[in-house]
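Student: Provided below for reference: sequence and predicted model.
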Amino acid sequence: MVLFIKQTLTMNLFWSTFLIALLFISNSTTAQVNISIDATQKSHTISPMIQGHGLSYSVETDSIYNTGAMAQLFQDVGAGFLRWPGGTTATMYHWNDLSAGWTDNWNPEYPEAWDPEPWQYMDLDEYMTLSNAAGTASMLGINMSSGMEWHREADGLNEAVDLIKYCQSKNFDAKYFYLDNEPYHDGNGYNKDLAGDGGEWTPTIYAQKFNLYADSIRKYVPDAVLFANWKEHLRDNTSAYKTILRIAGDHIDYMDVHWYWKWGAASWDAWIAKTPMENETEWYNGGTYVEETKYFNNLAASAGQSHIKLASLEWNIAPGAHNTNPDHTEFMTALMQSEMQMQMMQAGIEFASMWTTQWPNSSESEFLQLINSDDNYAPSAAAAMFQLYKNAQNGVVLKSSCTDSKVLTTSVFKEGNQACVFILNKNNSETEMNISINAMDIKSLEQALCFRDPGVTAEINVQVENASSTVTVPDYSLTMIEFLIEETEPNFINKSNQAEEKIELYPNPASNAVTVKTNKLEGNTNLELYNVRGDIVFSQRFNSQQTENYEFSVQHLPTGTYFINMIDDNGLRLGSKLIIK
């Protein structure tokens with residue numbers, strides 16, 4: 001009996017040790033996931049305007065911008081536009097008579113002693129100089145609130161027109177305009193009721209005034225692009241949106257919503273806990289930013305205004321527990337921001353700007369800005385994140401998927417046969433990624449960069465082989481990999497016969513018509529033209545003995561790579577690749 005017990009204990013100890021060893025091996029082995037990219041499934045193009053940046057004129061002192069370093073930084077991060085004069089300030093400012101900010105000098109009780117010195121703020125001329133130096137588009141705010149508040153609507157309209165005329169006199173391209181800011185907010189412009197006579201913006205009043213100002217703007221800028229603004233909680237404000245779209249939809253180009261993730265409750269733990277992140281607060285239970293965008297698109301379409309697209313001229317990680325957590329770092333916030341930016345890329349958002357470029361005493365701020373005012377205005381970790389995403393601009397989004405729910409990925413195809421793959425790893429361990437690209441061969445690795453703790457970007461090793469590659473990405477990181485690729489010939493082409501007999505054709509690339517030589521063929525011939533998906537996009541049967549050259553049009557076909565297959569009555573098969581430009 002004693003012997004039996006000893007044997008049992010020995011066996012239990014063996015198996016316990018064995019299981020612990022297995023567990024150790026399992027935990028110490030890098031996790032492995034697959035990322036699949038289908039290069040034949042293309043959707044929208046990523047606009048450079050998705051990486052705009054906000055300015056707030058009353059805190060943008062001359063010393064920040066007079067060296068030219070900020071203009072260079074905006075170029076480095078791929079800024080598409082700069083938004084001026086700011087958010088709330090746009091509801092109270094007067095471009096040719098700037099006040100202290102967040103105050104309205106149309107108020108008869110405004111004390112002139114509050115007026116700042118010229119070096120303390122960014123005026124319109126300084127904004128134009130910065131925008132030109134940075135190579136960014138302009139985004140100008142139109143103040144509708146002051147005219148409403150002080151019963152000076154004619155003056156408000158004239159002020160907007162004079163702004164446009166002044167820009168035109170300076171040969172400054174002013175095309176994008178946002179009309180007022182957060183008109184639904186109690187602390188803004190007309191809703192502040194500084195006149196003390198009541199009144200506030202409603203969806204109906206806002207839409208009516210939008211029409212009034214839009215008419216005046218487009219008299220001088222016929223191709224002006226106009227942005228309306230209402231509450232970010234789309235699903236809870238459907239009725240308000242329907243009202244605005246019904247009244248002003250013909251004048252609106254974009255509906256601007258201000259997305260601040262998890263206001264009052266933003267934290268690293270909350271971000272890690274849910275992938276993908278959703279537009280939710282204690283007051284609103286929304287979907288992902290991709291889902292919110294689809295919701296608006298459907299709403300606009302149902303209102304007969306499908307031309308109106310969603311934009312976010314203010315977005316950021318909202319204040320929350322991370323502001324008071326000593327263990328929370330600038331890098332963590334930047335990585336959280338990176339998911340918002342990635343989701344907007346996936347959603348097809350064309351205009352977005354992070355709030356804001358800088359703020360006094362940034363180390364005490366509730367938001368992470370582009371630069372750090374407490375560190376001699378050095379770029380923050382957010383700047384490094386934007387520099388990676390700059391590589392996505394003007395790229396066409398490809399369909400991609402990942403087997404790990406804690407990994408988000410977006411891939412784009414760019415001119416010059418380049419593919420950029422972005423990988424956001426929300427796992428707490430390094431993860432091995434196998435990346436495969438359907439219908440493409442990877443010719444070479446152009447660059448591979450990883451943004452990781454403590455907010456640095458460094459090269460990362462990638463193993464490349466034909467249509468796939470392998471990379472091990474660090475925990476909690478954003479990786480960008482750029483490949484040089486070429487489209488592969490699909491399986492429906494008989495490659496052995498094609499290698500023996502090539503079709504002679506010209507011109508190649510072609511844009512109008514293509515001529516093929518038929519002297520190798522006999523009798524009736526079938527010609528089929530395929531795209532890279534294997535779909536037949538053109539077919540024709542003709543007698544090759546009646547002509548030495550056969551011509552067909554390709555004007556109706558999209559640009560890209562195609563494959564011609566020709567078979568005559570004797571079974572001779574000819575094939576070739578055709579590029580349509």
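Tutor: Structure received.
Student: residues touching the one residue sitting closest to the centre of the chain, list them.
Tutor: Nearest to the mean C-alpha position of the chain, counting by CA atoms, centre = their mean, stands Met345 at 3.2 Å. Shown in contact with Met345 (CB atoms under 8 Å, 6 or more residues apart in numbering): Ile46, Ile50, Tyr389, Ala392, Val397, Thr410. Where you see a C-beta, it was placed from the backbone N, CA and C, and this is true even at glycine.
Student: Quick one: distance of the helix or strand where it lies to the chain centre.
Tutor: Secondary structure assignment for Met345, by DSSP states H and E: helix 330-347. Its chain's C-alpha centre and that of helix 330-347 lie 10 Å apart, by CA atoms, centre = their mean, to the nearest Å.
Student: just the CA coordinates of that helix, formatted as PDB?
Tutor: Taking Å, rounded to 0.1, in the frame of the first residue of the first chain, the C-alpha atoms of helix 330-347 are listed here in PDB:
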ATOM      1  CA  GLU A 330       2.300  59.900 -23.700                       C
ATOM      2  CA  PHE A 331       3.000  56.900 -25.900                       C
ATOM      3  CA  MET A 332      -0.100  55.100 -24.500                       C
ATOM      4  CA  THR A 333      -2.300  58.000 -25.500                       C
ATOM      5  CA  ALA A 334      -0.700  58.200 -29.000                       C
ATOM      6  CA  LEU A 335      -1.300  54.500 -29.600                       C
ATOM      7  CA  MET A 336      -4.900  54.900 -28.500                       C
ATOM      8  CA  GLN A 337      -5.100  57.800 -31.000                       C
ATOM      9  CA  SER A 338      -3.700  55.600 -33.700                       C
ATOM     10  CA  GLU A 339      -6.700  53.300 -33.500                       C
ATOM     11  CA  MET A 340      -9.100  56.200 -34.000                       C
ATOM     12  CA  GLN A 341      -7.100  57.300 -37.000                       C
ATOM     13  CA  MET A 342      -7.000  53.800 -38.400                       C
ATOM     14  CA  GLN A 343     -10.700  53.400 -38.000                       C
ATOM     15  CA  MET A 344     -11.300  56.700 -39.800                       C
ATOM     16  CA  MET A 345      -9.100  55.400 -42.700                       C
ATOM     17  CA  GLN A 346     -11.100  52.200 -42.800                       C
ATOM     18  CA  ALA A 347     -14.400  54.100 -42.800                       C
END
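Student: Residues contacting the next helix-or-strand element following that helix, please?
Tutor: As assigned by DSSP H and E, the chain's next helix or strand after helix 330-347 is strand 352-354. Strand 352-354 has contacts (CB under 8 Å, 6+ apart) with 49-54, 81, 83, 139, 311-316, 337, 341, 344, 370, 382.
Student: Who are the packing partners of the top strand by length along the chain?
Tutor: Looking across the chain with DSSP state E, the single longest strand is strand 31-45. With contacts taken as 3 or more CB pairs under 8 Å, 6 or more residues apart in numbering; DSSP states H and E, strand 31-45 sits against strand 396-402, strand 407-414, strand 418-425, strand 431-438.
Student: Of all those, which one comes closest to Thr129?
Tutor: Judged by CB to CB, the one of those that comes nearest to Thr129 is strand 407-414, at 31.4 Å.
Student: Before we move on, what's the pLDDT of Glu200?
Tutor: At Glu200, the model reports a pLDDT of 93.
Student: so it touches Lys192, yeah?
Tutor: No - applying CB atoms under 8 Å, one finds Glu200 not in contact with Lys192, separated by 9.4 Å.
Student: which of these two has more neighbours?
Tutor: The neighbour comparison of Glu200 against Lys192 (other CB atoms under 10 Å) goes to Lys192, with 19 against 14.
Student: In TSV: the contacts of Met345, plus neighbour count and distance to Glu446.
Tutor: Formatted as TSV, the contacts of Met345 follow (neighbours: other CB atoms under 10 Å; distance: CB to CB, whole Å):
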residue	neighbour count	distance to Glu446
Ile46	25	18
Ile50	24	22
Tyr389	24	16
Ala392	24	14
Val397	20	19
Thr410	22	17
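Student: Now stretch 301-317: buried residues?
Tutor: Ala303, Gln305, Ile308, Lys309, Leu310, Ala311, Ser312, Leu313, Glu314, Trp315, Asn316, Ile317 (16 or more other CB atoms under 10 Å).
Student: ranges for the helices of the stretch 151-300 of the chain?
Tutor: For the stretch 151-300 of the chain, helices defined by DSSP state H, counting those that start in this stretch occupy the ranges 153-169, 189-192, 203-220, 238-248, 268-273, 289-302.
Student: quick one: contacts of the longest one?
Tutor: Helix 203-220 has contacts (CB under 8 Å, 6+ apart) with 142, 144, 148, 153, 156-157, 160-161, 164-165, 168, 177, 179-180, 183, 224, 226, 228, 230, 239-241, 243-244, 246-248, 251-252.
Student: circling back to that earlier point, strand 396-402 and the helix holding Met345, what's the angle between them?
Tutor: Here helix 330-347 runs at an angle of 110 degrees relative to strand 396-402 (axes from the mean of the first three to the mean of the last three CA atoms, to 10 degrees).
Student: if we can go back for a sec, so which of the helices of the stretch 151-300 of the chain is the most packed in?
Tutor: Greatest average neighbour count among the helices of the stretch 151-300 of the chain goes to helix 189-192 (a mean of 23), per mean count of other CB atoms under 10 Å.
Student: Show the secondary-structure elements that it is packed against.
Tutor: Helices and strands touching helix 189-192, by 3+ CB pairs under 8 Å, 6+ apart, are helix 145-149.
Student: pLDDT of the helix it packs on, averaged?
Tutor: Mean predicted confidence for helix 145-149 is 97.
Student: Show me how the record splits this structure into domains.
Tutor: Here the chain is described, according to automatic domain parsing, as comprising the domains 30-44+403-487, 47-392, 495-580.
Student: Distance from the chain centre to the last one, please.
Tutor: In other words, domain 495-580. With CA atoms, centre = their mean as the basis, the mean position of domain 495-580 lies at 40 Å from the chain mean.
Student: Identify the bridge partners of Gln418.
Tutor: Taking DSSP bridges as the rule, Gln418 bridges to Lys414, Leu484.
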